[in-house]
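**Student:** Any chance you could fold what I've pasted below:
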Amino acid sequence: MNILQFTELPQDLVDGMQIVHKLVFDEVFKPEKLIGKQNFCAFLAVEDDIVVGFKFGYEQEDGVFYSWLGGVHPVYQQRGIASRLMEAQHTWCQQQGYTRIRTYGRNEKKAMLIVNLKAGFDIVHTFIDDKGRHKIVFEKDLLQ
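**Tutor:** Presented below is the predicted three-dimensional model:
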């Protein structure tokens, strides 16, 4: 399996990413959500020309890199792919000079909460989003 990094999503891999997104989030990803994302970076896990996972992020207004969206195809879960995508993203962030990374989680996605905690993230805040969902804010110091 290869982890590929892009600053723009390659059209030939978008369909595969869409399949994973639909299986994980039960909805189609809307590419227009990428418009205006400063310093956007995508990581795709590809095995035998099949997208099996993805991780997207971008810089937020306060200069912190936001690990925004990611998922792993259910057939490929429990193989450490999410952790490998996260490691690739964190390495890239350090190379770009970011010192902090942020992500949001929800109780419904317990596996991802556990991955974040094991990766050294701290819970720094909670809030209710505009859809009425409780969100947990995680941050990690990339200098430690």
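**Student:** Can you give the strand pairings for the strand ranked longest in the chain, parallel or anti for each?
**Tutor:** For the chain, the strand with the greatest residue count under DSSP state E is strand 50-59. With DSSP bridges as the test, strand 50-59 is paired with strand 41-47 (antiparallel), strand 65-72 (antiparallel).
**Student:** can you give me the mean pLDDT across the longest one?
**Tutor:** Mean pLDDT, strand 65-72: 94.
**Student:** what does the shortest one give?
**Tutor:** Across strand 41-47, the average pLDDT comes to 96.
**Student:** what comes up buried for it?
**Tutor:** 41, 42, 43, 44, 45, 46 (16 or more other CB atoms under 10 Å). The way it works is simple: take the backbone N, C-alpha and C, and place the C-beta from them, glycine included.
**Student:** which outside residues touch that strand?
**Tutor:** 1-9, 13, 16-17, 51-58, 72, 76, 81, 84-85, 88-89, 92 (CB atoms under 8 Å, 6 or more residues apart in numbering).
**Student:** what do you get if the cut-off is 7 Å, keeping everything else the same?
**Tutor:** 1-7, 9, 13, 17, 51-57, 81, 84-85, 88-89, 92 (CB atoms under 7 Å, 6 or more residues apart in numbering).
**Student:** Kindly give a single ChimeraX line that selects the buried subset of those.
**Tutor:** Remark: buried members of the contacts of strand 41-47, expressed as a ChimeraX selection using 16+ other CB under 10 Å:
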select :3,9,13,17,51,52,53,54,55,56,57,81,84,85,88,89
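**Student:** show me the contacts for residue 7.
**Tutor:** Counting by CB under 7 Å, 6+ apart, residue 7 has contacts 40, 41.
**Student:** make it 10 Å
**Tutor:** 39, 40, 41, 42 (CB atoms under 10 Å, 6 or more residues apart in numbering).
**Student:** hey, where'd the strands end up in this structure?
**Tutor:** Under DSSP E, the chain gives strands at 2-6, 41-47, 50-59, 65-72, 100-105, 122-128, 134-141.
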